[in-house]
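J.: What follows is a predicted protein model with its sequence.
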Amino acid sequence: MYLPEIRFCEAEDLQAVLNLNAENPWPWPEAIIQYDLSPASNQELSYIGAFSNNIENNELLGLAVIGRERDLKRDFQIDAKTGVLMLLLVARRCRRRGVASQLIMAAGDCAGYLGFKTLILRVRRSNIPAQNLYNKFNFAFPKNAVIRGYYSDGEDALIMSASLPLFLRS
């Protein structure tokens, strides 16, 4: 397992976040990321980065974003004690090295610190590897855990939920 430096992303990390986002098959709009990481942002989002330990090149290897759900009209009921893992992204060349697992744990720790009791996420119905990874951290599918046509291409989102603190199942 590779042990990156896990820390909150700051405005200085914007270009690294944008570069990693460009690897995402479903990238977030650059304007949103630029605003979220700007000093003017009033978003209640935490960008958590996994950075290489190379002093000369502190490269962003992975990213997790957590926040609060703003749209409570979705098919799944959540409350003020529920945080949302909005994004988990690891650079292609760094996958299968434990980076995603470390980011999930960091996101869970951050969510707990923010007072959340539960962490939810949305995952594409077709993304079985991601579902299997989340399941290792005790994420499960609650009742009515499907949002039909959630993604821009019409694919359904499955909602997974875990109580905090997170733990890795053996």
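T.: The structure has been received and is ready for your questions. Predicted, not measured: the structure shown is a model, and the values here were computed from it.

J.: So which elements touch the stretch of helix or strand residue 17 belongs to?
T.: According to DSSP states H and E, residue 17 maps onto helix 14-22. In terms of contacts (3 or more Cβ pairs under 8 Å, 6 or more residues apart in numbering; DSSP states H and E), helix 14-22 is packed against helix 30-36, strand 45-51, strand 60-68. Bear in mind the C-beta positions are built from the backbone N, C-alpha and C, glycine included.

J.: what about the helices in this structure?
T.: Assigned by DSSP state H, the chain shows helices spanning 14-22, 30-36, 99-113, 128-135.

J.: Dump these to a markdown table, plus mean neighbour count.
T.: Below are those laid out as a markdown table (neighbours: other Cβ atoms under 10 Å):
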| stretch | mean neighbour count |
| --- | --- |
| helix 14-22 | 16 |
| helix 30-36 | 15 |
| helix 99-113 | 20 |
| helix 128-135 | 15 |
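
J.: which stretch among those comes nearest residue 163?
T.: Counting by Cβ to Cβ, residue 163 lies closest to helix 99-113 out of the helices of the chain; the figure is 9.9 Å.

J.: And the contacts of the closest one?
T.: 1-4, 6, 46, 48, 50, 61-64, 66, 83, 85, 88, 90, 119, 133-134, 136-137, 162, 164-166, 168 (Cβ atoms under 8 Å, 6 or more residues apart in numbering).
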